[in-house]
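Asks: Sharing a model prediction with you, sequence too.
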Amino acid sequence: MAERVIAVCGKGGVGKTTISALLGRHLAGKSQKVLLVDADHAGGLSMALNFASKRTIDDLRRRAITAAREGGADRTELALSLDFLLAEALAEKGNLAFLAIGRPEDPGCFCSVNRLLRDAIELLADSFDIIVIDAEAGIEQVNRQVMRRLDDLVLVSDSSMKSLRVAESIFELAGTISDGVRAHLVINRLRSAAEFQETAAKTDLPAVAFIPDDETIRRYDADMLTFLDMPNCLATKSLASLISALDL
């Protein structure tokens with residue numbers, strides 16, 4: 001497995017994809033090999049970074065399900081083919097590689113195939129130093145142990161109590177699955193340092209950074225520009241304390 005697995009989680013709409021994209025921007029051009037995983041079926045991270053995947057994880061899962069139903073391949077053959085297809089599904093730019101989860105699963109249980117797919121993803125992860133996962137909204141992916149191992153949990157919130165409570169629930173659940181996971185609370189879209197202090201006082205989570213409401217972020221989102229080309233701005237400068245806490 002990679003040396004570091006970092007998951008960016010939180011309530012829907014708080015800016016997880018923005019934080020994930022900014023982390024990708026920071027890691028671009030570094031010496032480490034980085035795997036960015038868009039685990040949200042909406043595909044926001046792929047748009048923010050302008051990565052286009054030929055196949056998604058869900059595409060590969062469907063192919064494995066078809067093979068299992070038809071009975072034309074045993075477990076070893078499926079593992080070899082999935083490993084090959086996963087490598088083919090990667091989009092790469094320099095030291096960054098990108099993998100998209102895709103659409104939600106179809107109805108029905110294909111537990112053995114899904115376990116096989118998870119094993120193949122973990123095998124692929126051996127080739128990377130750092131994995132950054134842009135998780136779907138809420139706690140479900142942690143609850144289903146899609147992220148079986150975590151080192152750092154970047155919890156994104158806004159100033160609302162509801163989003164803070166969701167962040168706390170995610171951290172509590174993650175601690176029952178992955179021992180020693182480190183929490184880093186990032187409070188997004190704030191107007192001042194005073195508002196950051198006021199919001200941080202409402203939770204026991206370690207608040208390490210706040211991101212101001214930034215016109216540059218708005219423009220890059222509105223114009224579908226890649227965050228990899230974003231110039232330094234208030235948001236990128238404010239991310240420095242998170243980067244320091246993550247030791248990236």
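Replies: Alright, I've got the coordinates. Numbering: from 1, shown residues only.

Asks: In this structure, spot the strand with the most residues.
Replies: The longest strand of the chain (DSSP state E) is strand 182-190.

Asks: Which helix or strand in the protein has the lowest average pLDDT?
Replies: Lowest on mean pLDDT, DSSP states H and E among the helices and strands of the chain sits helix 140-143, with a mean of 55.

Asks: can you list the weak-confidence ranges in the protein?
Replies: Where the chain drops to pLDDT under 70, the residues are 1, 41, 61, 64-65, 67-68, 70-83, 102-121, 138-148, 177-178.

Asks: State the paired neighbours of the longest strand of the chain in the sheet, together with their directions.
Replies: With DSSP bridges as the test, strand 182-190 is paired with strand 152-157 (parallel), strand 207-212 (parallel).

Asks: Of these, which stretch is the most buried?
Replies: strand 152-157 (a mean of 27; mean count of other CB atoms under 10 Å). C-betas here are computed from N, CA, C, even on glycine.

Asks: got the buried residues for whichever helix in the chain runs longest?
Replies: Longest helix in the chain by number of residues (criterion: DSSP state H): helix 161-177. Across helix 161-177, burial judged by 16 or more other CB atoms under 10 Å covers Ser163, Leu164, Val166, Ala167, Glu168, Ser169, Ile170, Phe171, Leu173, Ala174.

Asks: which one among those gets closest to Thr226?
Replies: Nearest to Thr226 out of those is Ser163 (CB to CB; 26.8 Å).

Asks: show me the contacts for the closest one.
Replies: Gly10, Lys11, Val14, Ser157 (CB atoms under 8 Å, 6 or more residues apart in numbering).

Asks: Which of the residues you listed ranks first by neighbour count?
Replies: Ser157 (30 neighbours; other CB atoms under 10 Å).

Asks: How much space separates the spatially closest residue to that one that is not a sequence neighbour from Leu155?
Replies: Of all residues not flanking Ser157 in the chain, Ser163 sits nearest, at 4.3 Å (CB to CB, 6 or more residues apart in numbering). Ser163 sits 9 Å away from Leu155, taking CB to CB, to the nearest Å as the criterion.

Asks: between those two, what contacts are shared?
Replies: Gly10.

Asks: Nearest spatial neighbour of Trp27, chain-adjacent residues omitted?
Replies: Actually, residue 27 is Leu. It isn't Trp. Val34 (4.8 Å).

Asks: what's around Ala193, how many residues?
Replies: The number of residues packed near Ala193 is 10, by other CB under 10 Å.

Asks: ranges for the helices of the chain?
Replies: Going by DSSP H, the chain shows helices at 16-27, 44-49, 57-70, 75-89, 111-125, 140-143, 161-177, 193-200, 215-222, 234-238, 240-246.

Asks: Pick the most deeply packed of those helices.
Replies: When the helices of the chain are scored by mean count of other CB under 10 Å, the highest mean neighbour count falls to helix 16-27 (a mean of 24).
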